[in-house]
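Peer 1: Mind folding the following:
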Amino acid sequence: MNPLNVSHPQTVSWFPSYEAAKALTEMRDSPESFLHLVHPRPVPWHTLIAPIATALHCPLVPYDEWLAKLEASVNAGSASEIDTMASNPALRILSFFQGESIGKAASPDREPMGLVKLSTAKSTQTSKALASLPALDAERALSWVAGWKKAGFL
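Peer 2: Numbers count the residues shown, from 1 in each chain. Down below sits the predicted model:
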């Protein structure tokens, strides 16, 4: 299932902060004016979100369906705005989810949520850590869930 309900798979170029810090350290003295600090091997969104959804016992639904339910939760709640936001933190950035960037997300040159894909050609020449970074996988995604649980976030 494609959570953004588009015909081509969306990819994400996320990577953990430790690897980002290592790459940034290697990039700091580069003669290049600009270097993009994103994962050089993006993976399909589903590769990361499906194991997280399974671990949290949450169904994957199309984006439009999720957004409609989020919008409905604003009208359904009788509690104060502060209580509603506390019980559903996504409401804090509802305008972002409703924005134009989401429509742009259905493009092969964009990541989910409309973020532009960036080239890492110069970055991987400058940083060995970035160049050798393995692609993210389900195991890494599940380690995030374990970390969130250990920290008390979940």
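Peer 1: which residues of the protein score low on pLDDT?
Peer 2: Low-confidence segments of the chain (pLDDT under 70): 1-9, 75-79, 81-82, 100-109, 112-114.
Peer 1: rerun at 80
Peer 2: By pLDDT under 80, the weakly predicted segments of the chain are 1-10, 63, 74-89, 92, 95-117.
Peer 1: Run through the strands of it in chain order.
Peer 2: Using DSSP state E, the strands of the chain run over residues 11-12, 43-44.
Peer 1: Let me see the residues that make contact with the first one.
Peer 2: Translated: strand 11-12. Outside strand 11-12, the residues that touch it by C-beta atoms under 8 Å, 6 or more residues apart in numbering are 39, 42-45, 48, 111-112, 117, 136. In this view, the C-beta of every residue, glycine as well, is placed from N, C-alpha and C.
Peer 1: Ok, stretch 18-29 next?
Peer 2: By C-beta under 8 Å, 6+ apart, stretch 18-29 touches 35, 37, 123, 126-130, 133.
Peer 1: any idea which of the residues you listed is closest to residue 56?
Peer 2: residue 133 (25.9 Å; C-beta to C-beta).
Peer 1: Mean neighbour count for the strands of the chain - can I get that in JSON lines?
Peer 2: Listed next are the strands of the chain as JSON lines, based on neighbours: other C-beta atoms under 10 Å:
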{"stretch": "strand 11-12", "mean neighbour count": "20"}
{"stretch": "strand 43-44", "mean neighbour count": "16"}
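Peer 1: Kindly reformat those strands as CSV containing distance to residue 148.
Peer 2: What follows is the strands of the chain, written out as CSV (distance: least, C-beta to C-beta, whole Å):
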stretch, distance to residue 148
strand 11-12, 18
strand 43-44, 19
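Peer 1: among those strands, which is nearest residue 97?
Peer 2: Judging the strands of the chain by C-beta to C-beta, what sits closest to residue 97 is strand 11-12, at 16.6 Å.
Peer 1: on that earlier part again, wait, which of the strands of the chain is closest to residue 86?
Peer 2: Nearest of those (C-beta to C-beta): strand 11-12, 27.8 Å.
Peer 1: Let me see the ranges of the helices in the chain.
Peer 2: Along the chain, counting by DSSP state H, helices occupy 17-27, 45-55, 63-76, 81-87, 94-98, 100-104, 121-126, 128-131, 138-150.
Peer 1: Export the ones you listed to CSV and append columns for distance to residue 11 and mean neighbour count.
Peer 2: Shown next, in CSV, are the helices of the chain (distance: least, C-beta to C-beta, whole Å; neighbours: other C-beta atoms under 10 Å):
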stretch, distance to residue 11, mean neighbour count
helix 17-27, 17, 15
helix 45-55, 7, 18
helix 63-76, 16, 13
helix 81-87, 31, 12
helix 94-98, 20, 13
helix 100-104, 15, 13
helix 121-126, 17, 17
helix 128-131, 17, 17
helix 138-150, 14, 14
